[in-house]
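K.L.:
What follows is a predicted structure for the sequence shown.
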Amino acid sequence: MNLFIRLILVSILSRFRSKVSVLGPCMTPFRCSPSDLDVLRHMNNGTYLSIMDLARVDLMIRAGLWADLNKNGMYPVVVAESIRFRKSLKLFERFYIETTVLGWDEKAFILQQRFLRGADVIAEAIVRARFLRKAGGSVLPTEILSLGKVDITSPPLPPAIAAWNQNQI
């Protein structure tokens, strides 16, 4: 229920935040709530992944894609993700998730999402995400980019991320 309430808040508040590029970066603010905690009283590792979903929704809304995706019967799905934890988040601490599209291939986008508390990197993740049609079938990244009025080729991925991405295909 906590994430559903956060989804509603993100959906509303994103409309009042500054616009961002389809490729980011997009800074999404959060606060660690009591339902985010595990038995050791820091944010549960699974909660990080769920909150990353909300930050990606924020990016799509603020980039102006969300309405077009819904109108065209398209939706995003995560294909793979890898996260590295560096520090803990404790109750009521504020943090941001910085979401940036690093690049794409013929099927999916590769994003970086970093949890930041001030200048400290709390956790960082790489995400491979695709878009599907509600009527069935895949949506090419070029179609999503055209909805966002982006007409560029993918920048080269850093070698370690390119290798990770190849292992996910």
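P.N.:
Received the coordinates, thanks. Numbers count the residues shown, from 1 in each chain.

K.L.:
who touches Val20 in this structure?
P.N.:
26, 59, 62-63 (C-beta atoms under 8 Å, 6 or more residues apart in numbering). The C-beta positions use only the backbone N, C-alpha and C, and glycine is treated the same way.

K.L.:
Sitting in strands, which of the residues you listed do you find?
P.N.:
Cross-referencing the contacts of Val20 against strands under DSSP state E gives Cys26.

K.L.:
Reformat the contacts of Val20 as a markdown table; add pLDDT and neighbour count.
P.N.:
Below are the contacts of Val20 laid out as a markdown table (pLDDT from 0 to 100; neighbours: other C-beta atoms under 10 Å):
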| residue | pLDDT | neighbour count |
| --- | --- | --- |
| Cys26 | 98 | 27 |
| Leu59 | 97 | 27 |
| Arg62 | 96 | 25 |
| Ala63 | 95 | 22 |
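
K.L.:
buried residues in the helix or strand harbouring Ser146?
P.N.:
Here Ser146, judged by DSSP states H and E, is contained in helix 141-147. Neighbour counts using 16 or more other C-beta atoms under 10 Å place 141, 144-145, 147 of helix 141-147 among the buried residues.

K.L.:
From Ala162, how far out is the closest residue to Ser154 other than its chain neighbours?
P.N.:
Using C-beta to C-beta, 6 or more residues apart in numbering and skipping the chain neighbours, the partner closest in space to Ser154 is Gly103 (4.0 Å). Gly103 is 8 Å from Ala162, where distance means C-beta to C-beta, to the nearest Å.

K.L.:
Tell me which of the two has more neighbours.
P.N.:
Gly103 (19 against 15; other C-beta atoms under 10 Å).

K.L.:
which SS state does the more buried one fall under?
P.N.:
strand (DSSP: H, G, I helix; E, B strand; the rest coil).

K.L.:
Backbone dihedrals for the closest residue to Glu93 other than its chain neighbours, please?
P.N.:
Of all residues not flanking Glu93 in the chain, Cys32 sits nearest, at 4.9 Å (C-beta to C-beta, 6+ apart). Note on Cys32: backbone dihedrals following degrees, to the nearest 10 are phi -70, psi 120.
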